[in-house]
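Enquirer: Just a sequence and a predicted model for now, questions to come.
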Protein chains: 2
Amino acid sequence: MKLLLCGELDAGEMQAWRQALAEAMPEATWLDLAAARAAPGEVVAAVVANPPPGSLQGLGGLRLIQSLWAGVDRLLADPTLPAGVPVARMVDPAMASAMAETALWATLSLQRGFFDYARQQRAGIWRQHAQRRADDVRVAVLGAGQMGAAVAARLRAQGYAVGAWAREARPTSPAGLPLHAGEAALQGLLPLSDIVINLLPLTAATRGLLDARFFSALPAGAAIVNLGRGAHLIEADLLAALGSGRLSHAVLDVFQVEPLPAGHPFWVHPGVTLLPHAAALTDPRSAAEVVAANLRALRDGLPLAHLVDRERGY
Amino acid sequence: MKLLLCGELDAGEMQAWRQALAEAMPEATWLDLAAARAAPGEVVAAVVANPPPGSLQGLGGLRLIQSLWAGVDRLLADPTLPAGVPVARMVDPAMASAMAETALWATLSLQRGFFDYARQQRAGIWRQHAQRRADDVRVAVLGAGQMGAAVAARLRAQGYAVGAWAREARPTSPAGLPLHAGEAALQGLLPLSDIVINLLPLTAATRGLLDARFFSALPAGAAIVNLGRGAHLIEADLLAALGSGRLSHAVLDVFQVEPLPAGHPFWVHPGVTLLPHAAALTDPRSAAEVVAANLRALRDGLPLAHLVDRERGY
């Protein structure tokens, strides 16, 4: 079984993936892009991490494109992506757990004022703030896929008042919570949310969702945690909402341009805590097993898992 | 039933406590220190928050001293504290839950590098770090009382590898974990601990426990979270251990002198995250119910709860 491994990975990351994949699938032969192009008909699947546009053109034997990342918006934006070849996303429980940790850290920090205490330390100020209980804090989780469900469940277990929202109704609700679905439900949920955590996929319907209109529906002093995609957020609207006090704080993992450019106002804004797109890194140890299971299903003619609907975008 | 309420509380805090206690015990009459001294034989219990030394002298009718705070080391250090009057600590589940939140926030921040990312933001650096899983992180919780047990249980539920330690063996172990007890067990546990969280009571036996010898028993790069008392920690030894790289980070809520004096090196140390003794504030809403239950037990001649062993110090 000849497989292509390619994408935006530095040498150390590529080495970690090669090793993890070789351990998970000792029977496979892994090719790089040059080797795959030398034998275009023999490569049955491509395992990719945001490959440069055009990378997969001409690989006539391709029967699966398996992404190492959960978000496939950049992959699907490549107009040369071979039509008719199924695309699978990474759906890894270890990654969902990492995302839940980041969401919990952000929520605890906002609930208990730990970002404020960090600012106070830098200013040499000793002052206690009122202590909120978890059940006093209402958190809206946007997105009810694997990530959204893991985050909602983790926060609910800590006692937060969690509301889950998705664009469309689903047969099963995340974390046993009633799912608020659709635009009208969102407008009902936002005024009752102290913290909004975005975990939506990036699609034409969700691009720019976090804008001035969205922020104006929240209670004054609410906080935003963007763990989805940079393009979900209108950055100028966020700065205006932080400036007016409509929002008290934003925790941002993703940005319109990454790495966040030097001189961008987010770097030094006292109301912004930023992460370098590190909320949930794919862990080669567990993700290689997920990839191997799907590749074996392909080999054995079994149903493939985690397939993307290219029209819907996720 | 005439009761004294006094201590180190500002006007707003005193008002919150008066209101919460009046709601929890509408049948009681609450006196301040001047009124209590005018009728010293009639005050049956004193509800106190670190009262100035000597405050309770001469109150001949006193049958209970109930602390609003969990730590009673300062109260017991008053040589004029009436002998033979039982002293009770605050043991409030809401306070233990707040402590567990703070411990979890510190542990998540250390596990996932969020303190490092905050430093990077201030320096304008975009760099991802390797992502550790919770079960890769070994946490030692020192103290197996209400606080230690709540913290150990919360961390264990998140998947951390938790070791619980106390100076003396106990009939029940915290959070279903085997309890490491005694000095030899501590020396065995420390080399296997990436994070140490201190929740011990301050006694003659625990004063200065967190010193150079303690730090040298930890693996290189370990972290300390002090949520106990400032006097548990030898501050100069901590600075030396951070300077040498023996320790990577310290999260400190308590200090030898509080408020932490201006110019203290902790304020600006990149390896120190400090809180203004705010890890777990007593919440008047729930604590007033705990106080009222003990005062009613006193009135009705029932056993008193949460009594302190003055010899042991907690």
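Expert: Structure's in. What do you need? Everything quoted here is computed from the prediction, not taken from an experiment.

Enquirer: What segments of chain A are helices?
Expert: Per DSSP state H, chain A carries helices over the ranges A:11-24, A:33-38, A:73-76, A:93-112, A:114-123, A:146-157, A:183-189, A:212-216, A:235-244, A:284-300.

Enquirer: of all these, which lies closest to chain B?
Expert: Chain B sits nearest to helix A:93-112 of all those, at 4.3 Å, using C-beta to the nearest C-beta. All C-beta atoms are positioned from the backbone trio N, CA, C, and that covers glycine.

Enquirer: hmm, back to that, same list, the helices of chain A, but as CSV with distance to chain B, mean neighbour count and mean pLDDT please.
Expert: Shown next, in CSV, are the helices of chain A (distance: least, C-beta to the nearest C-beta, whole Å; neighbours: other C-beta atoms under 10 Å in any protein chain shown; pLDDT from 0 to 100):
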stretch, distance to chain B, mean neighbour count, mean pLDDT
helix A:11-24, 10, 15, 94
helix A:33-38, 24, 15, 94
helix A:73-76, 17, 19, 94
helix A:93-112, 4, 23, 97
helix A:114-123, 5, 17, 98
helix A:146-157, 7, 24, 95
helix A:183-189, 24, 14, 97
helix A:212-216, 22, 17, 98
helix A:235-244, 15, 17, 98
helix A:284-300, 9, 19, 95
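
Enquirer: Using JSON lines, lay out the ones you listed together with distance to residue B:138.
Expert: Shown next, in JSON lines, are those (distance: least, C-beta to C-beta, whole Å):
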{"stretch": "helix A:11-24", "distance to residue B:138": "23"}
{"stretch": "helix A:33-38", "distance to residue B:138": "41"}
{"stretch": "helix A:73-76", "distance to residue B:138": "37"}
{"stretch": "helix A:93-112", "distance to residue B:138": "17"}
{"stretch": "helix A:114-123", "distance to residue B:138": "23"}
{"stretch": "helix A:146-157", "distance to residue B:138": "21"}
{"stretch": "helix A:183-189", "distance to residue B:138": "40"}
{"stretch": "helix A:212-216", "distance to residue B:138": "42"}
{"stretch": "helix A:235-244", "distance to residue B:138": "39"}
{"stretch": "helix A:284-300", "distance to residue B:138": "18"}
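
Enquirer: Quick one, which of those gets closest to residue B:234.
Expert: Minimum separation from residue B:234 across the helices of chain A (C-beta to C-beta) falls at helix A:114-123, 21.2 Å.

Enquirer: That closest one - contacts with which helices or strands?
Expert: When contacts are defined as 3 or more C-beta pairs under 8 Å, 6 or more residues apart in numbering or on different chains; DSSP states H and E, helix A:114-123 packs onto strand B:272-274.

Enquirer: count of neighbours near the spatially closest residue to residue A:75 that is not a sequence neighbour?
Expert: Leaving aside its sequence neighbours, residue A:75 sits nearest to residue A:67 (C-beta to C-beta, 6 or more residues apart in numbering or on different chains; 5.8 Å). Neighbourhood size, residue A:67 [other C-beta atoms under 10 Å in any protein chain shown]: 26.

Enquirer: so who does the nearest residue to residue A:91 once chain neighbours are set aside touch?
Expert: Nearest residue to residue A:91, sequence neighbours excluded (C-beta to C-beta, 6+ apart): residue A:306, at 4.4 Å. For residue A:306, the contacting residues are A:88, A:89, A:90, A:91, A:290, A:294, by C-beta atoms under 8 Å, 6 or more residues apart in numbering or on different chains.

Enquirer: separation between the residue nearest the centre of chain A and chain B?
Expert: In chain A, the centroid-proximal residue (C-alpha atoms, centre = their mean) is residue A:228; its distance is 4.4 Å. Distance of residue A:228 to chain B, given as C-beta to the nearest C-beta, to the nearest Å: 18 Å.

Enquirer: Residue A:57 contacts residue A:80, doesn't it?
Expert: Yes - Residue A:57 lies in contact with residue A:80 (C-beta atoms under 8 Å); the separation is 5.0 Å.

Enquirer: Check the gap between the residue nearest to residue A:91 and chain B for me.
Expert: The value you get for residue A:306 to chain B, if C-beta to the nearest C-beta is used, is 21 Å.

Enquirer: Please apply the same query to residue A:265.
Expert: For residue A:265, the distance to chain B - C-beta to the nearest C-beta - is 12 Å.

Enquirer: Report the contact partners of that residue.
Expert: Residue A:265 neighbours (C-beta under 8 Å, 6+ apart): residue A:239.

Enquirer: And the pLDDT at it?
Expert: Per-residue pLDDT puts residue A:265 at 98.

Enquirer: I'd like to know how far the residue lying closest to residue A:134 once chain neighbours are set aside sits from residue A:142.
Expert: Spatially, and ignoring its direct neighbours in sequence, residue A:134 is nearest to residue A:159 (3.7 Å; C-beta to C-beta, 6+ apart). Residue A:159 sits 20 Å away from residue A:142, taking C-beta to C-beta, to the nearest Å as the criterion.
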